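*Asks:* build me a structure from this.
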Amino acid sequence: MIVVAAAIVASGGRVLAAQRAEPAALMGGWEFPGGKVDPGESELDALARECHEELGVEITVGDRVGGDWALSEGYVLRVWLATVAAGTPRAKEHLALRWLAPGEYYDVPWLAGDLPVMKAVEKLLRQD
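*Replies:* Numbers count the residues shown, from 1 in each chain. Predicted structure coming up:
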C-alpha cells in the first residue's frame, strides 16, 4: 500500500509538522501530512487531495525526497517537497500543526517512519 506525504517548506527553511490524532498507537507523534493513495488515483493527485482534506491548502509539488520509505505492515511512504500555493494550513485532522525552523527540526517526537525523511529533507534544504 502506498502512502504519500508532503514535506511542506516555507520561507527561511521552515518545515510543517503535523501531530497525529489517531490511531491510538500513533497519537501525539509528529509526521508529514498525507495519506493513502485511493484505487485509480495517481500519487500526486492523492497528495493534493490529502493536503486539502487535512490542512485546507492547495500545494505546489516539488522534488521527491528519496525513494520508498518502509513503514509498518507493508506500507511504503513516498514524500515530495511542496510549498503552500493557496490557503493557510489548519489542523483539520491532526491535534496540532507546527512550523519548525532550522535548528528546531527535531524539537518534536517524529514518528519512526517520518524521522529518516526529516533527516533527508534537512539535507536537501542545506543544499539550497
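*Asks:* Glu53 is in what secondary structure piece?
*Replies:* Using DSSP states H and E, Glu53 falls within helix 43-55.
*Asks:* the following helix or strand past that helix vs helix 43-55, what angle?
*Replies:* Later in the chain than helix 43-55, the nearest helix or strand by DSSP H and E is strand 58-70. Angle, strand 58-70 to helix 43-55, by axes from the mean of the first three to the mean of the last three Cα atoms, to 10 degrees: 110 degrees.
*Asks:* in strand 58-70, what counts as buried?
*Replies:* For strand 58-70, a neighbour-count test (16 or more other Cβ atoms under 10 Å) marks 59, 61, 65, 69 as buried. Bear in mind the C-beta positions are built from the backbone N, C-alpha and C, glycine included.
*Asks:* and stretch 99-116, by the same measure?
*Replies:* Quick answer for stretch 99-116 (16+ other Cβ under 10 Å): 100, 105, 108, 110-111, 113-114.
*Asks:* swap in stretch 81-93?
*Replies:* 81-82, 84, 89, 91.
*Asks:* now intersect these with the strands, please.
*Replies:* The members of the buried residues of stretch 81-93 that map onto strands under DSSP state E are 81-82, 84.
*Asks:* nearest to Glu50 among those residues?
*Replies:* Distance to Glu50 across these (Cβ to Cβ) is lowest for Ala82, with 11.0 Å.
*Asks:* that closest one and Val9 touch, don't they?
*Replies:* Yes. In this structure, Ala82 is within contact of Val9 by Cβ atoms under 8 Å, at 7.2 Å.
*Asks:* what about the residue nearest to Arg98 when sequence neighbours are not counted, which SS state?
*Replies:* Spatially, and ignoring its direct neighbours in sequence, Arg98 is nearest to Ala17 (5.1 Å; Cβ to Cβ, 6 or more residues apart in numbering). For Ala17, the assignment made with DSSP: H, G, I helix; E, B strand; the rest coil gives strand.
*Asks:* for Ala17, give me its contacts.
*Replies:* With contact set as Cβ atoms under 8 Å, 6 or more residues apart in numbering, Ala17 has these partners: 30-32, 97-100, 108, 110.
*Asks:* could you rerun that using 10 Å?
*Replies:* Neighbouring residues of Ala17 by Cβ atoms under 10 Å, 6 or more residues apart in numbering: 7-8, 30-33, 94, 96-100, 104-105, 107-108, 110, 114, 118.
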